[in-house]
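Trainee: Sequence first, predicted model second:
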Amino acid sequence: MASHADSRALGDFLKSRRAQLTPKECGLPETASSRRVAGLRREEAARLAVISVDYYTRLEQGRVRASAPVLATLARALRLDGDQQRYLYELAGRSDALPRHRRPAQRVRPAMRRLLDQLTHTPALVLGKRLDILAWNPAAVALYTDFAEVPAGRRNYVRLLFADSVMRGLHRDWKHDAREAVAALRMEAAADPDDPELRCLVTELTALDPEFRTWWAEHHVTSATHGTKQYHHPLVGGLTLDCDTWAGSDDSGQRLMVLTAEPGSASHDALRILTSWTPERTAPDPVRETTS
């Protein structure tokens with residue numbers, strides 16, 4: 001059990017750590033108002049950790065003991081490295097709950113990368129474990145969003161479907177597509193139930209969105225590798241695209257997600273127009289990638 005002194009030290013550590021971070025590097029919008037303190041405000045740290053401001057304030061004041069799931073979200077929100085995470089759990093008296101194994105960084109397989117290089121007018125993503133977005137091509141940027149502008153730790157297909165207004169508004173049948181994504185994430189949970197990053201993701205989305213909370217509780221699962229998606233793009237209007245996903249031949253859990261349109265269809269013409277507008281600056285670096 002953490003002592004009172006440890007609780008105060010925990011609060012001091014949280015305050016110190018958030019003072020070292022900026023809203024921009026955490027993916028938060030900058031505000032026009034002047035900041036009285038360096039780094040993140042309490043409400044911003046609470047938002048990133050998906051807990052109430054009151055609860056976060058009591059943590060900093062040493063008036064409440066953090067649970068293991070809260071510590072996990074705090075560690076991710078405050079971008080703690082391995083030593084800092086261990087220190088956090090020690091101060092909270094929860095060293096027994098510290099994740100014992102750090103997952104290796106996910107790296108895009110060379111074969112997947114070559115495929116992306118060759119798909120010039122076809123939106124494609126490489127999805128890793130937890131449906132993290134590991135790599136993409138310029139056509140995917142044209143269809144969805146510039147994933148390079150999304151903080152690396154938040155590039156997750158399911159998170160963007162629920163938390164990003166651009167991605168959410170793009171889907172004409174958002175409820176269907178989002179529910180299927182939750183079902184696919186459920187399959188991920190069954191394959192690796194001890195994955196701390198997946199637990200953090202589920203905790204965050206459960207607090208963020210009531211529909212995610214409902215669908216996650218339903219235990220609907222799917223391993224579907226093909227389907228049809230309906231989009232409404234602000235530049236070219238309606239798009240009906242076939243979505244096919246191919247799993248890698250190794251045990252990396254990586255999948256190539258490709259979106260195509262039937263040749264000669266209006267969607268095919270619209271997709272060609274859309275991808276032709278991809279800025280030339282992406283040409284020297286056609287595939288963007290994250291290893292987080």
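Mentor: Perfect, I can see it now.

Trainee: ranges for the strands of the chain?
Mentor: The residue ranges that make up the strands of the chain, judged by DSSP state E, are 124-127, 133-136, 226-233, 237-247, 255-260, 288-289.

Trainee: and the gap between P263 and T120?
Mentor: 16 Å (Cβ to Cβ, to the nearest Å). In this view, the C-beta of every residue, glycine as well, is placed from N, C-alpha and C.

Trainee: of these two, who's got more company?
Mentor: With other Cβ atoms under 10 Å as the criterion, P263 and T120 differ in neighbour count, and T120 comes out ahead with 14 against 7.

Trainee: neighbours around L198, how many?
Mentor: Using other Cβ under 10 Å, L198 has 21 neighbouring residues.

Trainee: same question, T145
Mentor: Using other Cβ under 10 Å, T145 has 16 neighbouring residues.

Trainee: Name the nearest residue to S252, ignoring sequence neighbours.
Mentor: Distances taken as Cβ to Cβ, 6 or more residues apart in numbering place R109 nearest to S252, at 6.3 Å, with adjacent residues excluded.

Trainee: Dihedrals phi and psi, that neighbour?
Mentor: In this entry, R109 is assigned phi and psi values of phi -70, psi 140 (degrees, to the nearest 10).

Trainee: pLDDT score for it?
Mentor: In this prediction, R109 carries a pLDDT score of 82.

Trainee: from what I can see it touches Q254, true?
Mentor: Yes. The criterion here is Cβ atoms under 8 Å, and R109 meets it with Q254 at 6.0 Å.

Trainee: so what sits against both of the two?
Mentor: Listed as contacting both R109 and Q254 by Cβ atoms under 8 Å, 6 or more residues apart in numbering are G248.

Trainee: The two: which is more packed in?
Mentor: Between R109 and Q254, counting by other Cβ under 10 Å, Q254 is the more crowded of the two (23 against 17).

Trainee: Local confidence estimate at the more buried one?
Mentor: Per-residue confidence (pLDDT) for Q254: 87.

Trainee: next one: L125
Mentor: 95.

Trainee: ok, now R36?
Mentor: At R36, the predicted lDDT confidence score is 69.

Trainee: Tell me who's in contact with G169.
Mentor: Residues in contact with G169, defined by Cβ under 8 Å, 6+ apart, are H232.

Trainee: G238 too?
Mentor: R172, Q230, Y231, H232, A266, S267, A270.

Trainee: ok, the third one to S165 distance?
Mentor: Think Y231. Between Y231 and S165 the computed distance is 15 Å (Cβ to Cβ).

Trainee: No further queries at this time; thank you.
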